[in-house]
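> Following is a predicted model, sequence given first.
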Amino acid sequence: DAGVIQSPRHEVTEMGQEVTLRCKPISGHDYLFWYRQTMMRGLELLIYFNNNVPIDDSGMPEDRFSAKMPNASFSTLKIQPSEPRDSAVYFCASRTSGNEQFFGPGTRLTVL
Amino acid sequence: AQRVTQPEKLLSVFKGAPVELKCNYSYSGSPELFWYVQYSRQRLQLLLRHISRESIKGFTADLNKGETSFHLKKPFAQEEDSAMYYCALMDDMRFGAGTRLTVKP
């Protein structure tokens, strides 16, 4: 098993552009999480899904951020329009109920 | 609101010295707490969880409900312990801000 897969690994874009981050969870995991990691704020939970349904999106910073999970094997996090302050590493993680989370390698986003 | 607090962003010790990374939590029920570690250029991974009561890589963490703490300890730090450490509350999967541990030779 390749674990949680994220793409792209690195993304550099200009302010105002749309950014889409992708995640493939581990097969059989029914929870999927999106986190943002910055030096200042550490690891922030943005949103999580259970059985493809968004459960808690209170961590999503603002309306520019949106996340979807159209099926059990794919999720996207979209930022539109992107801003320099969105620069961070974005992690996806998955787990089954009551068990440890497995993290992807992260996407390092730089917004110029 | 439930939350996890790691008061130290940076911690530096010498090799062989004891190390303690602090974690305090606020939770109304019986918490389930974890420590995750991120080594340089590696994924975040589980280090230990309080319910297992085990020692991993020489690290231990005891849940102290009276002090609402779950500090991570190791009696003799090694250079390979240098990493970013996160305390997490399982119930809402929110993490503390993290502590970067540096073990100097």
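Now that the structure is in, tell me what you want to look at. Numbering: from 1, shown residues only, chains lettered A, B, ... in the order given.
> Next one: residue A:24 relative to residue A:75, how far apart?
From residue A:24 over to residue A:75 the distance is 8 Å, taken as C-beta to C-beta, to the nearest Å. The way it works is simple: take the backbone N, C-alpha and C, and place the C-beta from them, glycine included.
> Looking at those two, which is more packed in?
Per other C-beta atoms under 10 Å in any protein chain shown, whichever of residue A:24 and residue A:75 has more neighbours is residue A:75, with 25 against 19.
> Now do the contacts for that one.
A:22, A:23, A:24, A:25, A:32, A:34, A:49, A:67, A:68, A:69, A:92 (C-beta atoms under 8 Å, 6 or more residues apart in numbering or on different chains).
> Report how many residues lie close to the fifth one.
Read it as residue A:32. Using other C-beta under 10 Å: residue A:32 sits among 29 other residues.
> so where is the chain shaky, pLDDT-wise?
Chain wasn't specified; assuming chain A. For chain A, residues meeting the criterion pLDDT under 70 lie at A:1.
> wait, chain B
In chain B (pLDDT under 70), the answer is B:1-2.
> Contact residues of it facing chain A?
Within chain B, the residues that sit near chain A (C-beta under 8 Å from any C-beta of the partner chain) are B:6, B:34, B:36, B:43-46, B:49, B:86, B:92-98.
> Which of those sits closest to chain A?
For chain A, the closest of those turns out to be residue B:97, at 3.3 Å, with distances computed as C-beta to the nearest C-beta.
> Residue A:13 contacts residue A:81, correct?
No: in this structure residue A:13 lies outside contact range of residue A:81 using C-beta atoms under 8 Å: 9.9 Å.
> Neighbour count for the two, which is higher?
Higher neighbour count among residue A:13 and residue A:81: residue A:13, with 17 against 14, using other C-beta under 10 Å.
> OK, contacts around that one?
A:19, A:82, A:109, A:110, A:111, A:112.
> Could you count how many residues lie near residue A:94?
Neighbour count of residue A:94, defined by other C-beta under 10 Å: 25.
> quick one: secondary structure of it?
With DSSP: H, G, I helix; E, B strand; the rest coil as the basis, residue A:94 sits in strand.
> so what's it closest to, chain neighbours aside?
Once flanking residues are discounted, residue A:94 sits nearest to residue A:25: 3.4 Å by C-beta to C-beta, 6 or more residues apart in numbering or on different chains.
> List the residues that contact the one you found.
By C-beta under 8 Å, 6+ apart, residue A:25 lies in contact with A:4, A:32, A:72, A:73, A:75, A:92, A:94.
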